[in-house]
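Novice: Got a predicted structure plus its sequence, pasted below:
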Amino acid sequence: MNPLRVPDFRRLLIGRTFGELGNAVAPVALAFAVLDRTGSIAELGIVVGARSVASVLLVLFGGMLADRLPRSVILQGTEAAAALTQGTIAASVLCGFASLPLLTGLSMANGAVAAISLPAASSLTPQTVPETQLGQANAYVRIGANVGRFTGAALGGVLVAAVGSGWAIAANASLFLCAALSYRRIRRRLRAAATARPLTELAEGWREFASRTWIWAVVVQFCVVNAVNAGAMQVLGPRVADDTIGRSAWGFVLAAQTIGSLAGGVLAARWQPRRALLIGVAVTLIDAAPLALLAEAPLVVPLLAAAFVNGVAIELFTVAWDVSLQENVPPDRLARVYSYDILGSILALPLGAVAAGPLASHFGLEATLLCGAGSITAATVGALCSREIRGLRRKEVVVG
């Protein structure tokens, strides 16, 4: 049976798609709201940074909470809270009482609820479908998420241009409310069984995370991969584009990666290899290709092709990773393991973005990009040295 025929999974898919759509619109609308008020990039950095700090501080708490309480209830609450914070920001902008402290505080609150929701969202899928359908279900969730992100980024810009940043944020709040309503209809619940103290539960989650080499080896790999990609694609890539292919072409390159992600999600829904994690980790080597091209041959057609294939590879890995965790980690500890995984990814991103500029200034753009490609390759080969990663097999799978 196709997971789309399961009512609870359909509600989860709709909720996550609306949530990702809202998360994609939010930064675009908020950025222009801050710039409209102050015109200051520094103040915009403070508002955006506050959200990131809250996410880092609370993601482990979110994992612990999701293993204690019904995950669909947590998602209802966090999406409703996101709607409330965005609605308040919209009111402050439209009514003229927006201030830097208010926007910073509300942005931090939004980051906090996002951090709490992430482990619950990631670990809810196996509660809505049979284990044999996890591969397809995770692929559909990823397709919905990518559609939401792709559409949301464009929608945010259109709304700001058409009705202004205040009304765009108000529309953004309605998207989070739609997500909350979708989660409200999910009937399946995980009975809360946690009775230990919070620090004890976090320690238990850490033991579950650290006891499996294949988990922490992949997280270490992606600490490197994410840090390098953040610096190369978000900081150095635009600089190379300015000097070579132009800004419009760079936008098409990024769009090609998103389209590749959609194609990868479709492929992952149909192709269910037994050694999915091994394949997912191995195809991460493709992440090095766009960096090498930016360094040695920044031409439009090769970059478009590399970005598309890279998008496909990202989705193959992500679906394989989610299914591997969901099949092999006990359900009552899954959210906490996800929280340690998410924390590793969040910590790596700002480090790579901050370090890229100084490294390029000192060593040069070409050398820095090639070093980044080499680092991705080395981290991936290192992960593939793990016998557990090479040997982990999917359980029985169903496609159809």
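Specialist: Nice, I can see it.

Novice: From here on, just use CA atoms for contacts and neighbour counts.
Specialist: Fine.

Novice: and the residue nearest to Cys223 when sequence neighbours are not counted, what element?
Specialist: Leaving aside its chain neighbours, Cys223 sits nearest to Ala348 (5.3 Å; criterion: Cα to Cα, 6 or more residues apart in numbering). Under the criterion of DSSP states H and E, Ala348 resides in helix 334-363.

Novice: next one: whichever helix or strand comes after that helix to chain centre, how far?
Specialist: On the C-terminal side of helix 334-363, the closest following helix or strand by DSSP H and E is helix 365-384. Computed by Cα atoms, centre = their mean, to the nearest Å, the chain-centroid distance of helix 365-384 equals 22 Å.

Novice: quick one: helix 365-384 to helix 334-363, angle?
Specialist: When axes from the mean of the first three to the mean of the last three Cα atoms, to 10 degrees is applied, the directions of helix 365-384 and helix 334-363 differ by 150 degrees.

Novice: List the buried residues for helix 365-384?
Specialist: For helix 365-384, the neighbour count (16 or more other Cα atoms under 10 Å) marks 365-381, 383-384 as buried.

Novice: For Leu102, see how far away the residue nearest to Cys223 is.
Specialist: According to Cα to Cα, to the nearest Å, Ala348 and Leu102 sit 28 Å apart.

Novice: ok, now Gly135?
Specialist: In terms of Cα to Cα, Gly135 sits 43 Å off from Leu102.

Novice: quick one: which of those two has more around it?
Specialist: For Gly135 versus Leu102, neighbours defined as other Cα atoms under 10 Å are more numerous around Gly135 (28 against 15).

Novice: Can you name the element that comes right after the helix or strand encompassing Ala66?
Specialist: In the assignment (DSSP H and E), Ala66 maps to helix 41-68. Next along the chain after helix 41-68, taking DSSP H and E as the criterion, comes helix 71-95.

Novice: helices and strands around the next helix or strand after that next one, which ones?
Specialist: Where DSSP H and E defines the elements, the next helix or strand beyond helix 71-95 is helix 100-124. For helix 100-124, the elements it packs on are helix 41-68, helix 71-95, helix 334-363, judged by 3 or more Cα pairs under 8 Å, 6 or more residues apart in numbering; DSSP states H and E.

Novice: what does helix 100-124 contact?
Specialist: Contact with helix 100-124 is made by 16, 43, 46-48, 50-56, 58-59, 61-63, 65-66, 71-72, 74-75, 78-79, 81-82, 85-86, 89, 322, 326, 331, 334-336, 338-339, 342, as judged by Cα atoms under 8 Å, 6 or more residues apart in numbering.

Novice: ok, 7 Å please
Specialist: For helix 100-124, the external contacting residues (Cα atoms under 7 Å, 6 or more residues apart in numbering) are 47, 50-52, 54-55, 58-59, 61-63, 66, 71, 74-75, 78, 81-82, 85, 89, 334-335, 338-339.

Novice: what angle do the helix holding Ala66 and helix 71-95 make?
Specialist: Using the same axes, to 10 degrees: helix 41-68 against helix 71-95 is 160 degrees.

Novice: Figure out how far helix 41-68 is from the centre of its chain.
Specialist: 13 Å.

Novice: can you check stretch 227-245 too?
Specialist: What separates the centre of stretch 227-245 from the centre of its chain is 20 Å, taken as Cα atoms, centre = their mean.

Novice: Endpoints of that stretch, how far apart?
Specialist: Per Cα to Cα, stretch 227-245 runs 24 Å from first to last residue.

Novice: so what's Ala179 up against?
Specialist: Contacts of Ala179 by Cα under 7 Å, 6+ apart are 15-16, 18-19, 79.

Novice: sorry, back to before: helices or strands next to the helix holding Ala348 in the packing?
Specialist: Applying 3 or more Cα pairs under 7 Å, 6 or more residues apart in numbering; DSSP states H and E, we find helix 334-363 packed against helix 41-68, helix 100-124, helix 198-210, helix 213-231.
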